[in-house]
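Undergrad: coordinates only, sequence not included:
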């Protein structure tokens, strides 16, 4: 069985940006919890709760980022390359869970609204916007290249947007005494969390379940490989992401002739070139065969 690796230039994710964001979010979380209790603002407490989930998610993301850099061993032949995908999954799940907790609290407060100290709400919301906005800028570049960083980035971005919503609510309460707006803003924050959290959760789940990536079409791969001279049939195919950088293909290849290993090496080189250039598959594991009695379906239930 032949196995090959091809690596493109990788974006280097900066873990120190995560650490700095953790420190900033611990500060803002403590300030908002105290401010929410003093002012009576549910939106401020909900923002603090979301900030606390941010701290946990950022710590989890940082640990996963460090683990993903560990080298493979006899006991962990892939190393911890999936740690960041697992972190993204957990972080996305916490976004959705926090959202439902906020919805429950907002509905309760709508039924029994209370007067809120709006000045404190406004100042703490401004603090949240500044701190989370800065953290968002720190992680923005990494978020475009890494699902784990994107999950952390989304936590911070939604927190910044939540602080904007809390600020608007605080101004309306200050000038118009519309205290029920606090609950409406909380509901809006929660719905947005569900939308972004569910999308990331779905993507992380697909990778963890070894699903074929959305942009990969097995039949198209087969068509391209079958154009290569010496290939009879590519079958028993599996395509999956190990992590965001490594896209694997495993398959059996029935050859048209009973060729030498050196000839198969040349054939494999052509297949690798096609799969990398047209499908960005950079890890290929192919079992050569010649008139072997086994299932020849593209997808075989192992």
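TA: Good, I have the coordinates. Quantities reported herein were computed from a predicted structural model and do not represent experimental measurements.

Undergrad: pLDDT value on residue 233, please?
TA: pLDDT, residue 233: 96.

Undergrad: Please apply the same query to residue 247.
TA: So, for residue 247, pLDDT stands at 96.

Undergrad: mind checking the SS state of the nearest residue to residue 241 once chain neighbours are set aside?
TA: Nearest non-adjacent residue to residue 241, counting by CB to CB, 6 or more residues apart in numbering: residue 207, 4.7 Å away. To be clear about C-beta, it is placed using only N, CA and C from the backbone, and glycine gets the same treatment. Recorded secondary structure, residue 207: helix (DSSP: H, G, I helix; E, B strand; the rest coil).

Undergrad: Verify the contact between residue 207 and residue 245 for me.
TA: No - using CB atoms under 8 Å as the test, residue 207 is too far from residue 245 to be in contact (11.4 Å).

Undergrad: between these two, who's got more neighbours?
TA: Using other CB atoms under 10 Å as the criterion, residue 207 and residue 245 rank with residue 207 on top: 20 against 17.

Undergrad: show me what contacts the residue at the greatest distance from the centre of the chain?
TA: Residue farthest from the centre of the chain, counting by CA atoms, centre = their mean, is residue 258 at 45.3 Å. Applying CB atoms under 8 Å, 6 or more residues apart in numbering, we find residue 258 in contact with 290-291.

Undergrad: if you set the cut-off to 6 Å instead, what comes out?
TA: residue 290 (CB atoms under 6 Å, 6 or more residues apart in numbering).

Undergrad: All further residue positions should be reported with the first residue as 12.
TA: Got it, the first residue is 12 from now on, which makes the last one we talked about residue 269.

Undergrad: Now do the phi/psi pair for residue 80.
TA: Dihedral pair for residue 80: phi -90, psi -10, per degrees, to the nearest 10.

Undergrad: For residue 285, give its distance to residue 307.
TA: 21 Å (CB to CB, to the nearest Å).

Undergrad: could you show me where the helices are in this structure, in order?
TA: Per DSSP state H, the chain carries helices over the ranges 26-50, 53-79, 94-122, 129-154, 158-187, 192-219, 229-237, 272-290.

Undergrad: Can you spell out which helices and strands pack onto the fifth one?
TA: In terms of contacts (3 or more CB pairs under 6 Å, 6 or more residues apart in numbering; DSSP states H and E), helix 158-187 is packed against helix 53-79, helix 94-122, helix 129-154, helix 192-219.

Undergrad: Just name the most buried of those helices.
TA: Among the helices and strands packed on helix 158-187, ranked by average contacts under mean count of other CB atoms under 10 Å, first place goes to helix 53-79 (a mean of 23).

Undergrad: how far does that one sit from the chain's center?
TA: The chain centre lies 14 Å from the centre of helix 53-79; the measure is CA atoms, centre = their mean, to the nearest Å.

Undergrad: Same check on stretch 202-220?
TA: For stretch 202-220, the distance to the chain centre is 7 Å (CA atoms, centre = their mean).
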